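In: Have a look at this prediction, sequence included:
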Amino acid sequence: MATSTVGDPLPGRRLAIIGGTGLTSLEGLVIERREVVSTRWGEPSGPVSHGTLAGKSVAFLPRHGYRHTIPPHRVNYRANIWALRTIGITHVVAVAAVGGIDAALEPGCLVVPSQIVDYTWSRGHSFFEDELDHVVHIDFTEPYESELRGLVLEAGRGAGVALTDGGTYAAMQGPRLETAAEIDRLERDGCTLVGMTGMPEAALAREAGLAYAHLAVVVNPAAGRGEGPITMEQIEGHLRAGMGRVRAVLEQVVRLV
């Protein structure tokens, strides 16, 4: 058994932001060019935008495409991560909309999770599959890179934005939302928030040698935790309210990385 990554991280630090639902474009990003990157794993969700945010160089890739047309279970996570690595990215902050399982995680709050439980299936979960000369196992004890997590939390303090430090993200298959019984199960498993895109993205970043952290926006109480059905109007309203604070945090992140 070997512990490895796909390759050594490239020298220096280059940051990319992966945008989720509600962040198909990044307000304040001055785009200098867009780069189409083809990979052996297929096409990523779109061209990578290169530009500056708060005067600092950053790359941006929308997970669901620039028109938000790719559902969570159809995102080519391998192509996205490999494209970022190909262009020399070393650090990734991933933004995603989530449901709050823990009652303390009310809609509108921002969370920097510390753990993941993966419930997805049939996704391309690894770069290490074919034509191997040995079996490779990455250490995934701590799924988010600790230094980058700390920088995101520091960015929140610098922006004057409250961030919840820690929590366990349940990665579900989607694209449907969960049943109340499924959320009960996730809570018994120790999960505090639920989404559909956290895996295999985080594990692939680890395999590729990229530092990866997650900034989650709670947009609804999870199924059975609120009153009445979950509606897209409800989700979109909380997204609009939260994205300004997300951008404020990201503007601080690019100054720190």
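Out: Received, thanks.
In: C-alpha from now on. contacts and neighbour counts both.
Out: Fine.
In: residues near Ala223, how many?
Out: The tally of other residues near Ala223 (other CA atoms under 10 Å) stands at 22.
In: Next up, the contacts around it.
Out: 177-180, 183, 229-230 (CA atoms under 8 Å, 6 or more residues apart in numbering).
In: Helix, strand or coil: sort out Thr164 for me.
Out: Of the three states, Thr164 takes strand according to DSSP: H, G, I helix; E, B strand; the rest coil.
In: Just grab the bridge partners of the nearest residue to it once chain neighbours are set aside for me.
Out: Across the structure, with CA to CA, 6 or more residues apart in numbering as the measure, the residue nearest Thr164 apart from its sequence neighbours is Val111 (4.6 Å). Legend: beta-bridge partners of Val111 under DSSP bridges are Thr164, Ala216.
In: The stretch 51-200 of the chain: strands as residue ranges?
Out: Assignment of strands within the stretch 51-200 of the chain using DSSP state E, counting those that start in this stretch yields the ranges 56-62, 91-100, 110-112, 115-118, 163-165, 168-171, 193-195.
In: State the distance from the residue sitting nearest the centre point of the chain to Val246.
Out: Nearest residue to the geometric centre of the chain (CA atoms, centre = their mean): Ala94, 3.1 Å. Relative to Val246, Ala94 is positioned 11 Å away (CA to CA, to the nearest Å).
In: can you check Ile89 too?
Out: For Ile89, the distance to Val246 equals 21 Å [CA to CA].
In: Could you list the buried residues of stretch 103-121?
Out: Of the residues in stretch 103-121, those with enough neighbours to count as buried (16 or more other CA atoms under 10 Å) are 105-117, 120.
In: Can you get me the start-to-end distance on stretch 117-136?
Out: 21 Å.
In: sorry, that was for stretch 77-96
Out: Start and end residues of stretch 77-96 are separated by 14 Å (CA to CA).
In: Let me see the mean pLDDT of it.
Out: Taken as a whole, stretch 77-96 has an average pLDDT of 96.
In: Thank you, goodbye.
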